[in-house]
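> model this:
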Amino acid sequence: MAAKLTRRLPTPNHHGYSVKFCPFNRDVIAVASAQNFGLSGGGMLMVKNLSAPDDGTVSTCIWADGLFDLTFSEQTPNCVVTASGDGSLQLWDVTKSQAPIMVYREHQKEAYSLDWTQTRDSQFFVSSSWDGTIKLWDPNREKSLLTMQGHEALVYQAVWSPHITGCVASVSGDHTLRIWNTKKDTRPVMTIRANQGEVLTCDWCKYNQNIIATAGTDCKIYGWDLRRPGEPVYVLQGHGYPVRRIKYFPFAETQLASVSYDLTTRIWDHSLPNPSLSVLETHSEFVYGLDFSNHVEGLLADCAWDQSVGIYHVLKPGNSGPLTHGGAT
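This next block holds a predicted model:
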């Protein structure tokens, strides 16, 4: 399996931290970015259309501090939440980008990750922060519904299970993966020591509710079966520097992608004797953001500190060209 870069979209004067595909429109992506590598200056949310000409930008939203993550609303088209270095979260209507609809101010340090639940019977989002907490939000309320505490260091990422309502996984600088039940408790229901260093990222398998992957500063990707958490069920090695984000492929159970401070994006299949399927070396700075399209099989986006977004097609074995996608080639 190979992957082909089909388009590069600039993020001028802003360094990319997170990129996500829109759940409502297969051609739309959004990028959370920061000036000066996130060390100072402001942030910008850029919405880009893959069918649009030039750099694809159709909307921008500006915030006074760097933006480190974003999540699209799963309820309302055109609504996006962003997480900022000042600890606040912003809810935007990207068609009216002058000011956010609502600002949520509870985190005491950098807000670093966001995720909107995709289960049918609840529509909330979670945020995680360098203040060591994870918060549950109803987008229509200024105050959080729940604060989850238990990590002993900053929390890099929190993600909803795509299978189990109310279930959240989080990873932290305390070397652990923790599982939470937001319907019952504010303390974790499971803790796994998941890395020899800080754990920077995690993602749930889309086909098995018990499988989750983690990665971090020891440069390895680990797969965990929550029914047998004593040892990882697989370990993927190849990155030369910390792994910043991982994402399971939405159309294949054993495939996933990763991005790293080693400037690469990699495609893996952990079921194979040689699991490394493709190494993409298209960026000249740390690669931070990563997402797969749920609409178009094989469509992948990443973003980096080199002020660009890469759009790729992951090719099936024996396929001589990229999967069809209007405007992306």
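> give me the low-pLDDT residue ranges for the stretch 101-250 of the chain?
The stretch 101-250 of the chain contains residues with pLDDT under 70 at 121.
> which stretches of it form strands?
Under the criterion DSSP state E, counting those that start in this stretch, the stretch 101-250 of the chain contains strands at 102-104, 111-116, 125-129, 133-137, 146-149, 155-160, 167-172, 176-181, 190-193, 199-204, 211-216, 221-225, 234-236, 243-248.
> pairing partners for the last one, with directions?
To tie it back to what came earlier, the one meant is strand 243-248. In the sheet containing strand 243-248, its partner strands are strand 255-260 (antiparallel), by DSSP bridges.
> list the buried ones in stretch 72-81?
Across stretch 72-81, burial judged by 16 or more other CB atoms under 10 Å covers 72-74, 78-81. C-beta coordinates here come from the backbone N, C-alpha and C atoms, glycine included.
> would CSV of these with secondary structure be doable?
Shown next, in CSV, are the buried residues of stretch 72-81 (DSSP: H, G, I helix; E, B strand; the rest coil):
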residue, secondary structure
F72, strand
S73, coil
E74, coil
N78, coil
C79, strand
V80, strand
V81, strand
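> any chance of CSV for those, columns pLDDT?
Formatted as CSV, the buried residues of stretch 72-81 follow (pLDDT from 0 to 100):
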residue, pLDDT
F72, 97
S73, 96
E74, 94
N78, 95
C79, 97
V80, 98
V81, 98
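> quick check: of those residues, which lies closest to S51?
N78 (16.7 Å; CB to CB).
> just the closest of the buried residues of stretch 72-81 to G238, please.
Of all those, F72 has the smallest distance to G238: 30.4 Å, by CB to CB.
> okay, and the beta partners of the closest one?
Under DSSP bridges, the beta-bridge partners of F72 are V80.
> so it sits against N25, correct?
No - the pair F72 and N25 does not pass the contact test of CB atoms under 8 Å, sitting 9.7 Å apart.
> on that earlier part again, L256: which of the strands of the stretch 101-250 of the chain is closest?
Across the strands of the stretch 101-250 of the chain, closest to L256 is strand 243-248 (CB to CB), at 4.7 Å.
> the closest one: how far from the chain's middle?
For strand 243-248, the separation from the chain centroid amounts to 7 Å (computed by CA atoms, centre = their mean, to the nearest Å).
> let me know the angle separating it from strand 211-216.
Note on geometry: by axes from the mean of the first three to the mean of the last three CA atoms, to 10 degrees, strand 243-248 and strand 211-216 are set 160 degrees apart in direction.
> and strand 243-248, C-alpha only, in CSV?
What follows is strand 243-248 as a C-alpha-only set of coordinates in CSV (Å, rounded to 0.1, in the frame of the first residue of the first chain):
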residue,chain,number,x,y,z
VAL,A,243,4.8,10.5,17.7
ARG,A,244,2.5,13.5,17.9
ARG,A,245,-0.8,12.0,16.7
ILE,A,246,-2.3,8.7,15.6
LYS,A,247,-5.6,7.8,13.8
TYR,A,248,-7.1,4.5,13.0
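> using the three-state scheme, assign M46.
Assigned state for M46: strand (three-state reduction, three-state DSSP).
> who are the contact partners of it?
11, 14, 30-31, 33, 57, 59-60 (CB atoms under 8 Å, 6 or more residues apart in numbering).
> among these, which ones are buried?
Buried residues within the contacts of M46, counting neighbours by 16+ other CB under 10 Å: 11, 14, 30-31, 33, 57, 59.
> from those, which is closest to S293?
The shortest distance between S293 and any of those, using CB to CB, involves A30 and amounts to 12.8 Å.
> hang on, that closest one in a strand?
Yes - using three-state DSSP, the assignment for A30 is a strand.
> could you check the pLDDT of it?
For A30, the model assigns a pLDDT of 98.
> repeat that for L290.
Residue-level confidence at L290 comes out at 98, pLDDT.
> which residues touch it?
Neighbouring residues of L290 by CB under 8 Å, 6+ apart: 19, 244-247, 257-259, 265, 300-302.
> next: R245.
For R245, the set of contacting residues under the criterion of CB under 8 Å, 6+ apart consists of 157, 200-201, 258-259, 288-290.
> now S278
Contacts for S278 (CB under 8 Å, 6+ apart) come out as 1-3, 266-267, 314.
> beta-bridge partners for it, please?
Beta-bridge pairing of S278, defined through DSSP bridges, involves I267.
> circling back: of the strands of the stretch 101-250 of the chain, which approaches F37 most closely?
Among the strands of the stretch 101-250 of the chain, strand 243-248 comes nearest to F37, with 13.4 Å by CB to CB.
> returning to that earlier point: ok, so of the buried ones among the contacts of M46, who is nearest I179?
Nearest to I179 among the buried ones among the contacts of M46: A30, at 28.1 Å, using CB to CB.
> and the nearest residue to the closest one once chain neighbours are set aside, how many neighbours?
Computed as CB to CB, 6 or more residues apart in numbering, the closest residue to A30 that is not its neighbour in sequence is V47, at 4.9 Å. The tally of other residues near V47 (other CB atoms under 10 Å) stands at 23.
> I'd assumed T60 was in contact with V47.
Yes - checked against CB under 8 Å, the pair V47 and T60 is within contact range at 7.4 Å.
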